[in-house]
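>>> pasting the structure only:
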């Protein structure tokens, strides 16, 4: 195809990319602005980043987000991979139904997931805190892990496993030495996406977090509601850079063949 | 042989047991912490309201009946219209972008990554970026004033316009990615055939590219429409109290209003709309031969 793109198409596409990225870039630039109230450029400063270190709520929120994020990622990566293996390798009754059911959490609005879990925990008289947040995050991350790992499994060459068996490896050895290494990029990508979703989640977390268990997004939301100050730009910049790196790595892993 | 290995060996000797053992932890989690809570929520929506939050025993339809109150009909209507509007705007803006990425040549991967990135970036942070630009003392007002285009600050934040811009900004990547996926699978030889047969570029697009990308278009519309229906943060932070969507109504019932069954009913209405949208999607997908694009 050697068609040249028409001018209007280039203009529309350029405008959309600007719309998608300029607000974030502006936000980041102004995290270095030496003025508390003004949106005029008053010189470069790192004071808003220093200020973050003085806020115990942000540091505590970061700590809780990391604890929840790691726990939710490990649990959903392991459970999700197991489910993907069952779906790819086994025929069993209700398989189609289960596969369909897996997609429901993906399309269910967060607010529905959040309040239904709140009702469940209230009914069980289960105190809201780090545990309930982790339970909720695993519930919405598992399906994504399954989808990513399943895609990898379907593109995988099964001959290598057969070769290993013919060469005398038993099933357990084959699984750990052949299947898992081949599957690894998919599992890792799924895990990174799960961590990103857990680390970013606000809506669901806001329903299932209790006093003293505010994650970073909950703290940031409180700051945004109160007033708009440059430390929010600073913490936003940090969150954006962390997710951008994770997503870049996951993206590379998913393209690996 | 350790205990773990013995257990694994036993599992490997029974294929059926093996499948269920693999499914059990994840499946159990999803049933217990996703399916069951939603069913409980559904039951709650038919129960009388308790005094301190929660519910009292009994059966009632009053919470659903309340949606015929003009106040709540208004919320439902606004939610629906804004979600439809957001979907249409995203489609109009997103299709050319998906098309451009496929034709992007050596820029393709970069262009694609620049759509994937906001797809995964914190929605809260992105919404804050909108506030930073749109508030009265924000960047847009500041620049417009400096350029002398306006004399006094323009109220952008807390208007329907702000919410719509926020929704489109938030959900646009959800439209672009599936359209890109279906355009990418399009066999170029079909276009060459059309060219050989004398079709002009416009006709080639309308008769070949567009129909074959329909599964992506439908999937994209669904992926924008559904989160827009359930959106909470955008209208909460950019819309203020007057631009309430159903997500805000639900949140209200579980925080300040303390009417859990009414909140459950509102939430179930969202869920029902979502399931209806998915059903329509599946039907359209069958009709447009979406199966071939799998």
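Ah, there it is. The structure displayed is predicted, hence computed values, not measured ones.

>>> the helix or strand containing residue A:71: how far from the chain's middle?
When elements are assigned from DSSP states H and E, residue A:71 belongs to helix A:56-89. Centroid separation for helix A:56-89 versus its chain: 9 Å, with CA atoms, centre = their mean, to the nearest Å.

>>> which residues sit against stretch B:66-73?
For stretch B:66-73, contacts defined as CB atoms under 8 Å, 6 or more residues apart in numbering or on different chains pick out B:76, B:249, B:262, B:265, B:266, B:269. Using the backbone N, CA and C atoms, a C-beta is placed for each residue, glycine as well.

>>> who wins on neighbours among those?
The most crowded member of those, judged by other CB atoms under 10 Å in any protein chain shown, is residue B:266 (32 neighbours).

>>> okay, now the domains of chain B?
Annotated domains of chain B cover B:1-33, B:69-293 [automatic domain parsing].

>>> which of those domains sits most buried?
Compared across these, domain B:69-293 shows the largest average neighbour count, a mean of 19 (mean count of other CB atoms under 10 Å in any protein chain shown).

>>> pLDDT (mean, whole number) over that domain?
Mean pLDDT, domain B:69-293: 89.

>>> avg pLDDT for the helix holding residue A:71?
Here the average pLDDT along helix A:56-89 is 94.

>>> least confident secondary structure element in chain A?
helix A:171-174 (a mean of 85; mean pLDDT, DSSP states H and E).

>>> buried residues, the next helix or strand after that one. List them.
Downstream of helix A:171-174, the next assigned helix or strand under DSSP H and E is helix A:180-200. Buried residues in helix A:180-200, counted by 16 or more other CB atoms under 10 Å in any protein chain shown: A:182-183, A:185-200.

>>> tilt between the helix holding residue A:71 and helix A:180-200?
140 degrees (axes from the mean of the first three to the mean of the last three CA atoms, to 10 degrees).

>>> is the helix or strand following helix A:56-89 positioned near chain B?
For helix A:56-89, the following helix or strand on the C-terminal side (DSSP H and E) is helix A:95-107. Yes - counting by CB under 8 Å from any CB of the partner chain, chain B is contacted by helix A:95-107 at A:98, A:101, A:102, A:104, A:105, A:107.

>>> now tabulate the residues you listed in TSV and tack on neighbour count and pLDDT.
Shown next, in TSV, are these (neighbours: other CB atoms under 10 Å in any protein chain shown; pLDDT from 0 to 100):
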residue	neighbour count	pLDDT
A:98	17	88
A:101	16	89
A:102	22	90
A:104	17	90
A:105	19	91
A:107	18	87
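
>>> quick check: whichever residue of the stretch 51-200 of chain A sits closest to chain B vs residue B:115, distance?
Going by CB to the nearest CB, chain B is nearest to residue A:109 of the stretch 51-200 of chain A, at 2.3 Å. Separation of residue A:109 from residue B:115 (CB to CB, to the nearest Å): 22 Å.

>>> cool, residue B:155 as well?
31 Å.

>>> which residues does the nearest residue to residue A:185 once chain neighbours are set aside contact?
In space, residue A:185 comes closest to residue A:253 once its chain neighbours are excluded; the distance is 4.3 Å by CB to CB, 6 or more residues apart in numbering or on different chains. Shown in contact with residue A:253 (CB under 8 Å, 6+ apart): A:185, A:186, A:188, A:189, A:192.

>>> try it again at 6 Å.
Contact analysis of residue A:253 by CB atoms under 6 Å, 6 or more residues apart in numbering or on different chains lists A:185, A:188, A:189.

>>> doesn't residue A:168 belong to a strand?
No - per DSSP: H, G, I helix; E, B strand; the rest coil, residue A:168 lies outside any strand segment and is coil.

>>> number of nearby residues for it?
7.

>>> buried stuff in stretch A:238-249?
Those would be A:238, A:239, A:240, A:243, A:244, A:246, A:247, for stretch A:238-249 by 16+ other CB under 10 Å.

>>> would you turn these into CSV with pLDDT?
Converted to CSV, those look like this (pLDDT from 0 to 100):
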residue, pLDDT
A:238, 92
A:239, 91
A:240, 91
A:243, 89
A:244, 90
A:246, 89
A:247, 88
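
>>> enumerate every residue touching whichever residue of chain B sits closest to chain A.
Going by CB to the nearest CB, chain A is nearest to residue B:230 of chain B, at 2.3 Å. By CB under 6 Å, 6+ apart, residue B:230 lies in contact with A:109, A:111, B:247, B:270.

>>> repeat that for 8 Å
For residue B:230, the contacting residues are A:109, A:110, A:111, A:112, B:246, B:247, B:270, B:274, by CB under 8 Å, 6+ apart.

>>> leaving out chain neighbours, which residue sits closest to the first one?
When you say that, I think you mean residue A:109. residue B:230 (2.3 Å).

>>> pick out the residue nearest the middle of chain B.
The centre of chain B sits closest to residue B:227, judged by CA atoms, centre = their mean, with a distance of 2.5 Å.

>>> re the thing from before, and of the residues of helix A:95-107 next to chain B, the nearest to residue A:8?
The closest of these to residue A:8 turns out to be residue A:107 (CB to CB; 34.1 Å).

>>> please, which helix or strand holds residue 222?
Just going to use chain A. Going by DSSP H and E, residue A:222 is in helix A:216-226.

>>> looking at chain B here, not the other one
Using DSSP H and E, residue B:222 falls in helix B:214-229.

>>> so that helix versus helix A:95-107, what angle?
50 degrees.

>>> got the buried residues for the least confident helix or strand of chain A?
Residues A:171, A:174 are the ones in helix A:171-174 that count as buried (16+ other CB under 10 Å).

>>> how about stretch A:100-118?
Here stretch A:100-118 shows A:101-102, A:104-105, A:107-118 as buried, counting by 16+ other CB under 10 Å.

>>> cool, and stretch A:217-230?
Neighbour count says stretch A:217-230 has A:217, A:218, A:219, A:220, A:221, A:223, A:224, A:228, A:230 buried, by 16+ other CB under 10 Å.

>>> test my guess that the third one contacts residue A:61.
Yes - with contact taken as CB atoms under 8 Å, residue A:219 and residue A:61 are classed as touching, separated by 3.8 Å.

>>> for residue A:173, which non-adjacent residue is spatially closest?
residue A:164 is the one closest to residue A:173 (CB to CB, 6+ apart), at 7.4 Å.

>>> so the residue nearest to residue B:61 when sequence neighbours are not counted: helix, strand or coil?
Spatial nearest neighbour of residue B:61, excluding adjacent residues (CB to CB, 6+ apart): residue B:46 at 7.0 Å. Per three-state DSSP, the local secondary structure of residue B:46 is coil.

>>> so what's residue B:46 up against?
B:59, B:60, B:61, B:63, B:261.
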